[in-house]
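Engineer: Starting from these lines, generate the structure:
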Amino acid sequence: MPILLLLDEEDLPRLPKGLEIGVTDYLIKPIDRNELRARTRTQIRRRRYHDKLREMLQRSVALAYTDTLTGVYNRRYMNAHLDRKIMEIAETVKPVSVLMFDIDHFKSINDTYGHPVGDQVLKRVAALFAGRARKVDIVARYGGEEFVLVLPDTDAAGAELFANRLREEVAAQVMTSEHGTFKITISMGIAEFPSDGAERLELIE
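Structural biologist: Numbering: from 1, shown residues only. Have a look, this model is predicted:
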């Protein structure tokens with residue numbers, strides 16, 4: 001927050017300390033109303049400009065790691081995260097499981113109902129996955145209609161229980177379009193580190 005410091009002349013020796021702890025501008029009494037207004041407006045404009053720059057930077061960073069359609073992480077982020085997670089747990093006995101989901105007959109959905117409806121299916125499935133995942137889990141769109149979930153501290157048995165709950169929830173969804181309603185299903189694969197693979201590519205394969 002911008003801070004405008006108002007000083008008496010005898011307080012001037014304390015000004016460097018004020019600037020050091022974050023004061024952005026100052027005025028010496030007696031205060032001129034027009035100067036106060038001008039300096040205040042300048043600080044507000046500067047703050048809004050900085051906020052806009054920060055927002056643009058955050059948006060750029062998010063775009064680098066986020067799938068623009070579904071809002072979940074993209075393949076690039078998932079690859080980097082899984083590599084890092086494998087390195088972290090390589091020295092421990094904790095497992096990590098990787099789930100890969102594929103929307104069944106997705107090409108048929110696009111061909112029958114149109115690509116905008118197909119996009120809605122991807123968004124619905126991604127939102128469902130993200131809503132059921134823990135904070136430590138990673139949900140990523142791997143490509144097309146494929147999604148990957150990285151589950152730290154979860155063995156294959158626990159991952160299978162979680163995956164089946166997701167599978168049942170997806171199957172219960174009813175999608176609507178101008179051509180009528182339809183249902184979707186998913187198929188899944190599960191791999192556990194390190195028993196099913198010691199590297200990311202092995203786990204994904």
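
Engineer: hey, let's count contacts and neighbours off CA atoms from now on
Structural biologist: Fine.

Engineer: which parts of the helix or strand bottoming out on mean pLDDT in the chain are buried?
Structural biologist: Lowest on mean pLDDT, DSSP states H and E among the helices and strands of the chain sits helix 75-89, with a mean of 80. Within helix 75-89, the residues scored as buried using 16 or more other C-alpha atoms under 10 Å are 75, 77-79, 82, 85-86, 89.

Engineer: Next: stretch 157-168.
Structural biologist: For stretch 157-168, the neighbour count (16+ other C-alpha under 10 Å) marks 159-160, 162-163, 166-167 as buried.

Engineer: quick one on the thing from earlier: got the contact list for the least confident helix or strand of the chain?
Structural biologist: With contacts defined as C-alpha atoms under 8 Å, 6 or more residues apart in numbering, helix 75-89 is touched by 65-66, 95-96, 138-143, 148, 150, 152, 193, 198-200.

Engineer: In terms of secondary structure, what does the very next helix or strand once past that helix contact?
Structural biologist: Counting by DSSP states H and E, the next helix or strand C-terminal to helix 75-89 is strand 96-103. In terms of contacts (3 or more C-alpha pairs under 8 Å, 6 or more residues apart in numbering; DSSP states H and E), strand 96-103 is packed against strand 146-152, helix 156-172, strand 186-193, helix 200-204.

Engineer: can I get the ones you listed in JSON lines with distance to Gly114 and mean pLDDT?
Structural biologist: What follows is the helices and strands packed on strand 96-103, written out as JSON lines (distance: least, C-alpha to C-alpha, whole Å; pLDDT from 0 to 100):
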{"stretch": "strand 146-152", "distance to Gly114": "19", "mean pLDDT": "93"}
{"stretch": "helix 156-172", "distance to Gly114": "20", "mean pLDDT": "94"}
{"stretch": "strand 186-193", "distance to Gly114": "19", "mean pLDDT": "93"}
{"stretch": "helix 200-204", "distance to Gly114": "30", "mean pLDDT": "86"}
